[in-house]
Structure formats: structure tokens, C-alpha cells
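Chemist: Generate coordinates for the sequence data below:
(chains A and B)
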There are 2 protein chains.
Amino acid sequence: MESGPCSRPAEPRHCVSGRAGAGLAFPAFPLSAAGAEPGSRIGTVAAVLPAGGCGERMGVRTPKQFCRVLERPLISYTLQAMERVCWIKDIVVTVTGENMEAMRSIIQRYGHKRISLAEAGATRHRSIFNGLKALAEDQPGCELTRPEVVIIHDAVRPFVEEDILLRVVLAAKEHGAAGAIRPLVSTVVSPSADGHLDHSLDRAKHRASEMPQAFHFDVIYEAYQKCSDFDLEFGTECLQLALKYCHRKAKLVEGTPDLWKVTYKQDLCAAEAMIKEKISQEICVVVNTKDEESVGHLLEEVLRNELNCIKVTSTVLDRTSGDIENFIDQCYSFICVNVVSSESRETRKLLSILEESSLPLLYPVVVVLDEQKLQESLVQSAAIIAALVKERNSALVGQLLVA
Amino acid sequence: MESGPCSRPAEPRHCVSGRAGAGLAFPAFPLSAAGAEPGSRIGTVAAVLPAGGCGERMGVRTPKQFCRVLERPLISYTLQAMERVCWIKDIVVTVTGENMEAMRSIIQRYGHKRISLAEAGATRHRSIFNGLKALAEDQPGCELTRPEVVIIHDAVRPFVEEDILLRVVLAAKEHGAAGAIRPLVSTVVSPSADGHLDHSLDRAKHRASEMPQAFHFDVIYEAYQKCSDFDLEFGTECLQLALKYCHRKAKLVEGTPDLWKVTYKQDLCAAEAMIKEKISQEICVVVNTKDEESVGHLLEEVLRNELNCIKVTSTVLDRTSGDIENFIDQCYSFICVNVVSSESRETRKLLSILEESSLPLLYPVVVVLDEQKLQESLVQSAAIIAALVKERNSALVGQLLVA
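Modeler: Next up, the predicted model:
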């Protein structure tokens, strides 16, 4: 159990400055639309992620935020998505006492930065309130800075992009409160007491309220301080609290489909598939020759199509291990080609660096190939390599595959 | 383009009588709760599946119902789920003129039964109306029987179970109209004209209206006949039409999470994962010995755990090909163990039967193993076999895997 309302297990105030940091599963794609240097426009920003839910809708015992996706807890992907946004200064995660230790080891294992922990309350609103208290500077034992704007996001929405975070924060700065919305997928109906249709809502006039949301810190903190026990117990919508207690009509910001919340088992399957796809789109082909005409370079092109790659890099293997450590930091998929097949020493060196590395790699896929065979059946080989990179199935580790 | 409002590309009135038919991807799990012989209680039932949507929300050019999941169009899974329900007499699918031929070949390729096609309209409601007209017997050129109850279901909800179909139909029989509902995942908000929060809805008092829905045929047909052009153009909710035009307050029936609609790209990923899981839960271990102590039988037990299998059967391979055809009809995952490794003739025979089979198998996974090796590393082998069965990746076909 926590002694105070907040604690800092990780190094504070370390900014990943937009590039892929250690343990980053998602490649850092270029920031779209919203602007290049947001820091100056938005002031200090912090985030609160309630992660105290018990996940009863998933139908499993593990709370959904701790369910493993490619052997890594879901919440770790969400933290990564948040911490790669340089201008978010502090990230407060609220977890239940019984999950506090587990959360600490997740932070350590995956090298998360700028994370503070606070104890979750019995309901979503109480958890968020605890997270806000940790940022409010008026609580004893807290080292965090009271931010100008606070983002509230779900631990189970791992695909949030910097673009929507920035748009929501800028809207909150202007209007006091803002939240992402999406079109309704199903019609919403209002049942009567005896379980019959009373009326159905006009889909065109309603939206699903999603996350992230953002608020002037003072607005949302005041709302929670004034909030009735009934609202703290049964409410779920922060925008509603800002409206009810501080008369702020939140600006609604259209979000993208990838904001969806991992709620049911099928969502976990979808999250895994989406993560696999994302991390397969950056590959690194490791060759042991500088010859530009070598089959390793031909392979790059074929793989680029097979995997729908955004970024293909290639590295020559006879560099120092320092260099190797530099590039394994930025990519999760390695294809290693031995041009002279008897010289596998360099490949073994790479393998052992990867094995010994403290980086939380998700199945580093290393395929060692005979150049001759590869040249003979390049397309079929590429299909096998692409399958291995995409599926990342640990059961196939160590298997010799012949195209 | 269609000449008349409906046509019959497939054999009519052939009932699969509850067992897995040819081309059935989902194992026919036992029917839960709702009853053993529903036919007598519900009268004649037909179904209408609007499949004229263009799938713009998916962000791909192919309408989502025709998107391929494990190389098979999504709609084919939904048709399969419907046609395995013996007491649904006719299934009318409405498709656009340009997709009519594609739909016909899907029906032929996957051996769908009891399907009729009608031309889709420009909107969802117009498409459903066309489907109902095809069943109404008052249109020229139609051979279908006017049913007592009609189910309306989406082509992009492939996981519908007999249990919910029956519950909705029985409720419709009693109340004139009924539909499946689910709890809301997100809070629903009402935006003001300038894009601010006007108010948010109480989540506890609202539900998402899902599919399937069912109606007295006369009720819903009358509702569509009375329906205004505005409603036909902009409405989406059939329950609302029954309420507005026929004053029937639909009975709302709690559905299960697997009723979700494939709407976005992540849903397609989820559908694939769920289908993979379902078809991996029934495996057939093929051995070429009757020896109960053989490693093939040990393998069964290990795989049962690895794959979380519901049904494991084993077959001795020296039977007649008639028998083989009988069991390949009921399962999608074969593990073939050669007890005497030199005698691979029987295995080859099985392979060629599978290859020549007209059955639309989804990557029949056949693993040929050396008994000696299997015995030495049973657990690791089982992990590899389970991975192959689960992933069903065609790129690994023909690969020799060594545990």
C-alpha cells in the first residue's frame, strides 16, 4: 500500500524529445497537423490516467489494463504513447493498493519516465480525483507541480496520438474543458422500466464521448471538490462535472477511430493485431557486407511491400556494438542476412547483444539466412520473413525455415 | 443487375439440421438455454440481411462485408452463422447491383444454402424494405413464403449465436417486435450547434441497440409501407419504425458482447482473431496406428491445454477415404502423426484428399511429424503445433519444423 497519496518510482522530468526511447514499441511517426512547437502555446500540462478498474466486462480475472498484449501489459503501451509526448510534464497513474507493486515493476521493466503513482479510489471519479490531488500541490508529501492544463486519459486506450492530445489541450486552454468525441456506432435507445423500447435517439444528434479529455486544472479540480458523493459514486463523465459544477461547456473535438477503448475480449485481440502491425512497419535489415548490390538490399524492397513498411533501415554488422545498441533502440524487427554464410560470428554477436539487452523487446525476430538460398527464392523467403515479423510467435524461435 | 426483385442462386429449403455443414468455419457448439425444439413454438421464420453498405467508415475501398478474413469474405461467416440455425427457412441478402455477381460466387464457393438475393436500395432502410418485399409474396417473380416472423440482422455481425436469435424471435412473437441491446461502452453526449457539450446522457438509462432484431412480418412490412421518404432516407433503426408506424414497443433483449458490429479496421482484426480462436478449438489428431499408448494420443492431451480445445477427436488414418471425407467436413485443424515414419503414403493420401476437396477450408494445417522426435520433445512440439494451428499463416506451408 502507498504511504502518501503519490510517489515517484521513475526518473522525473526526463523528456524523450520526440524520438523513440528505450522500450518504445510504437515507432515515433511524424506529428501530423497540429503544430511543431506546442510547448510555448500550452503552458504546463500533466496527465491523469485512472487504472483502478477491475475489468469485469472482459470476463477475465486480470484487470484489462494489466492484460498482456505480446507479453507486455496493455497499460505499458498507453504510458508509452503518453510519455513520448514531450510537452506532457507529469503522468499520474492511479492504481489500487493491491496492484501498486505490479505497477511499479511495469514502470521499471519498461523504463517508463515521468510517471507518478497515486492510489485509486473505489470508483472512476474517485480515482481521477486522487490523481488530481497528487498534482494540486496542496497535499502533503507531493513533489509534483500544479499544471495549467490536465489531460485525463484511459489506461486502456493505448493508441492515442500526439495530434489529438494537442488538439484537446488547446481546446481546453481556450474553453476550460474539452473532450474527444466519435460518431455513434449503434443507435442508442432508452428502455422503459419493463424492458421495452421507450424511444430511440437520433444518431445524428448524439456522439460517443471518448478520451482523451483536457481541462484547466483549476476548473476540474474545483468541480471534483464540489462534487456530490452521488456523482463521485455513480458518475463516469468528467465533462459533465465541469458543466454541472463549474458551468464550463466543454469543446467537443472529433477524434479518430483508434481512440477506441479496450473493453471486451475482442478488443484485446484487436489491440494485439494493431500493435503487431505498427511494430512490423519499421524493420531493420542487418547485413554483413557493404556491397549495395547484395541480396540483403534486394530483400529490403520486397519486404517493404510485404509488410507495408513505413521505414526500412539497413545496418552493416561489422560495426562496434555501441552502434548496434544504438539501432536496437529504435526498431523491433531485425532481419539478419549472412552474405558469407560461414561467417556467422557477427550474427551471434548481435543475437547475444539482443539477448543480454535490458530493453524490453517484443520478440526480437532475427532470421539468419543463407544468401544463396535467399537469392534463389527471394519472394517466397520474403513472405516467410514477413509472416515471422508479423506474427512474432515465440514458439517458432530457433526454427530453421527453408524457402 | 437483377431482373426481378429476388432470385435464388442456391438450393432452397435445405436444412443443415444443426450439424456442421460443408464449409462450416465455426464448430457447431451445443445450443444453450433457449430450448431444444424451437420449430414448433415459433412458426415460419425468415431473415433479411442488408449488405448494401459501402463501408466508408473502414477507410478501405472494399465494402466491409466483403473484406476478407482468413481469405474468406466476412459476409460468408455471417451467412454460415444464420444458415446453421435449422428453423430459419429463408435468408434474403440485399446487395447492390454491382456486387450481385460477387455475392453469387460467394454463395457458390462456400456452399451457402437457403439464400436468396434481392437488390439493395440507396439506404439501409430501403435495402431492408426490398428484402421484406422479396418475402411478401405480393411481388411478381418471387418464390419465397411469407414468414410469420422475420429476423433482421447485419451482414457484418458474424458471431451471432442461435441462442440470441431464438430469444429475439420468441420475444418478437409475443410482442410484435424485439431487438438485442448491450450496455453503452462510452457515455453519449449531445453537442450544441457550435460543437460544445450541451448535456450528457445517463449511461444507466440508455442502451446500445444492436442486431439481431425480429418482428411479426406483418408489423414491420406495414411499418415500411407507411414509412415516410425522410425516414427511409435518414433513419437507421427498425425498432423505431415499428414504434412510430405500428405502435409496437419492441421488447429489448440483453445480448452478448460477441454481437458487436465490424465497423472499423480494428474490428476486422478482432474478427480474424476470434475466428482463428474458434476454429482452433476443434482439432483432429490423425494417427496411423490404433495403439492407444502412441504418442499421437499423448499429443492430444497436451494440445487440448495449449489450444484451450473444446473438442479433440482422433482418427486412425488407414480408414477408407469415405471416412476421411466425413471428418474433414467437421473440423478445420488436423494434426497428422506418422507413427512409423517411413510409411507416409497414408499421410500423402490425406493431403491430396484435402487439396482436391471442394470444401472451402481455411488453411487446413497438416503437420507431419517424426514420432521419435515428437516423443523427445512433446511439449515444445505441441507449442509449435499450437502456434501453427492458431496463426494459420499460409507462408509457412510446406515448412519443416523441428522441435
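Chemist: Please report phi then psi for residue A:279.
Modeler: phi -80, psi -10 (degrees, to the nearest 10).
Chemist: count of neighbours near it?
Modeler: As a burial measure, residue A:279 scores 23 neighbours (other Cβ atoms under 10 Å in any protein chain shown). In this view, the C-beta of every residue, glycine as well, is placed from N, C-alpha and C.
Chemist: surely it meets residue A:333?
Modeler: Yes: in this structure, residue A:279 sits in contact with residue A:333. The criterion is Cβ atoms under 8 Å, and the distance is 6.7 Å.
Chemist: In the stretch 51-200 of chain A, mark out all the helices, start to finish.
Modeler: Assignment of helices within the stretch 51-200 of chain A using DSSP state H, counting those that start in this stretch yields the ranges A:74-83, A:100-109, A:124-135, A:162-175.
Chemist: shared neighbours of residue A:279 and residue A:333, which are they?
Modeler: When contacts are counted by Cβ atoms under 8 Å, 6 or more residues apart in numbering or on different chains, the set common to residue A:279 and residue A:333 is empty.
Chemist: I figured residue A:303 hits residue A:284, correct?
Modeler: No: proximity of residue A:303 to residue A:284 does not meet the contact threshold set by Cβ under 8 Å, at 10.6 Å.
Chemist: thinking again about what came up before, got CSV for the helices of the stretch 51-200 of chain A, with mean pLDDT, mean neighbour count and distance to chain B too?
Modeler: Formatted as CSV, the helices of the stretch 51-200 of chain A follow (pLDDT from 0 to 100; neighbours: other Cβ atoms under 10 Å in any protein chain shown; distance: least, Cβ to the nearest Cβ, whole Å):
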stretch, mean pLDDT, mean neighbour count, distance to chain B
helix A:74-83, 95, 25, 14
helix A:100-109, 94, 16, 24
helix A:124-135, 96, 24, 11
helix A:162-175, 97, 22, 7
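Chemist: In CSV: these, plus distance to residue B:128.
Modeler: As requested, the helices of the stretch 51-200 of chain A are exported to CSV (distance: least, Cβ to Cβ, whole Å):
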stretch, distance to residue B:128
helix A:74-83, 38
helix A:100-109, 48
helix A:124-135, 38
helix A:162-175, 35
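Chemist: how about stretch A:93-101 as CSV, C-alpha atoms only?
Modeler: Listed in CSV are the C-alpha atoms of stretch A:93-101, where the atom choice follows Å, rounded to 0.1, in the frame of the first residue of the first chain:
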residue,chain,number,x,y,z
VAL,A,93,-1.4,6.8,-12.8
THR,A,94,-3.9,5.8,-10.1
VAL,A,95,-3.9,2.1,-9.2
THR,A,96,-5.4,0.1,-6.4
GLY,A,97,-3.2,-0.8,-3.4
GLU,A,98,-3.1,-4.4,-4.4
ASN,A,99,-1.7,-3.5,-7.9
MET,A,100,0.7,-0.9,-6.7
GLU,A,101,3.7,-3.2,-6.7
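Chemist: Run through who's touching it.
Modeler: Under the criterion Cβ under 8 Å, 6+ apart, residues A:1-2, A:48-52, A:63, A:66, A:75, A:79, A:102-103, A:115-121, A:127-128, A:130-131, A:155 lie in contact with stretch A:93-101.
Chemist: Let me see the contact set for the closest residue to residue A:180 other than its chain neighbours.
Modeler: Excluding the flanking residues, the one nearest residue A:180 by Cβ to Cβ, 6 or more residues apart in numbering or on different chains is residue A:255, at 3.5 Å. Shown here is residue A:255, whose contacts under the criterion Cβ under 8 Å, 6+ apart are A:164, A:180-182, A:210.
Chemist: So residue A:255 versus residue A:275, what's the distance?
Modeler: According to Cβ to Cβ, to the nearest Å, residue A:255 stands 19 Å off from residue A:275.
Chemist: swap in residue A:334?
Modeler: Using Cβ to Cβ, residue A:334 is found at 18 Å from residue A:275.
Chemist: One more: residue A:378?
Modeler: 28 Å.
Chemist: just residue A:180 next, same as before
Modeler: When Cβ to Cβ is applied, the distance between residue A:180 and residue A:275 equals 21 Å.
Chemist: So for those two, which sits in the more crowded spot?
Modeler: Per other Cβ under 10 Å, whichever of residue A:180 and residue A:275 has more neighbours is residue A:180, with 26 against 22.
Chemist: quick one: low-confidence parts of the stretch 301-403 of chain A?
Modeler: Residues of the stretch 301-403 of chain A that meet the criterion pLDDT under 70 lie in A:317-332, A:338-351, A:353-372, A:394-395, A:397-403.
Chemist: quick one: common contacting residues for residue A:303 and residue A:284?
Modeler: Residues touching both residue A:303 and residue A:284 by Cβ under 8 Å, 6+ apart: A:312, A:335.
Chemist: per-residue confidence averaged over the longest strand anywhere in chain A?
Modeler: For chain A, the strand with the greatest residue count under DSSP state E is strand A:207-216. pLDDT averaged over strand A:207-216 equals 97, rounded to a whole number.
Chemist: Next, the angle from it to helix A:162-175.
Modeler: 70 degrees (axes from the mean of the first three to the mean of the last three Cα atoms, to 10 degrees).
Chemist: For residue A:313, pull up the helix or strand it's in.
Modeler: strand A:311-316 (DSSP states H and E).
Chemist: what's the offset of that strand from the middle of its chain?
Modeler: Centroid separation for strand A:311-316 versus its chain: 24 Å, with Cα atoms, centre = their mean, to the nearest Å.
Chemist: Now residue A:85. Nearest residue, chain neighbours left out?
Modeler: residue A:162 (4.9 Å).
Chemist: Would you mind measuring from the one you found to residue B:223?
Modeler: 48 Å.
Chemist: now swap in residue A:125 and tell me
Modeler: 42 Å.
Chemist: Pull the number of nearby residues for residue A:379.
Modeler: Residues contacting residue A:379 under the criterion other Cβ under 10 Å number 10.
Chemist: tell me, how many neighbours does the closest residue in space to it that isn't next to it in sequence end up with?
Modeler: Leaving aside its sequence neighbours, residue A:379 sits nearest to residue A:302 (Cβ to Cβ, 6+ apart; 6.3 Å). When neighbours are counted by other Cβ under 10 Å, residue A:302 registers 16.
Chemist: which residues touch residue A:302?
Modeler: Contacts were defined as Cβ under 8 Å, 6+ apart; by that measure residue A:302 touches A:378-379, A:382.
Chemist: any idea how far it is from residue B:80?
Modeler: Residue A:302 sits at a distance of 36 Å from residue B:80 (criterion: Cβ to Cβ).
Chemist: just residue A:93 next, same as before
Modeler: Taken as Cβ to Cβ, the span from residue A:93 to residue B:80 is 44 Å.
Chemist: Also residue A:86?
Modeler: With Cβ to Cβ as the criterion, residue A:86 and residue B:80 are 50 Å apart.
Chemist: do residue A:268 as well
Modeler: Here the criterion is Cβ to Cβ. By it, residue A:268 lies 24 Å from residue B:80.
Chemist: Please apply the same query to residue A:179.
Modeler: If you go by Cβ to Cβ, the gap between residue A:179 and residue B:80 works out to 40 Å.
Chemist: Repeat that for residue A:227.
Modeler: Here residue A:227 is placed at a distance of 50 Å from residue B:80 (Cβ to Cβ).
Chemist: do the same with residue A:184
Modeler: According to Cβ to Cβ, residue A:184 stands 28 Å off from residue B:80.
Chemist: How about residue A:393?
Modeler: Distance, residue A:393 to residue B:80, using Cβ to Cβ: 27 Å.
Chemist: go on, residue A:143?
Modeler: Distance of residue A:143 to residue B:80, computed by Cβ to Cβ: 59 Å.
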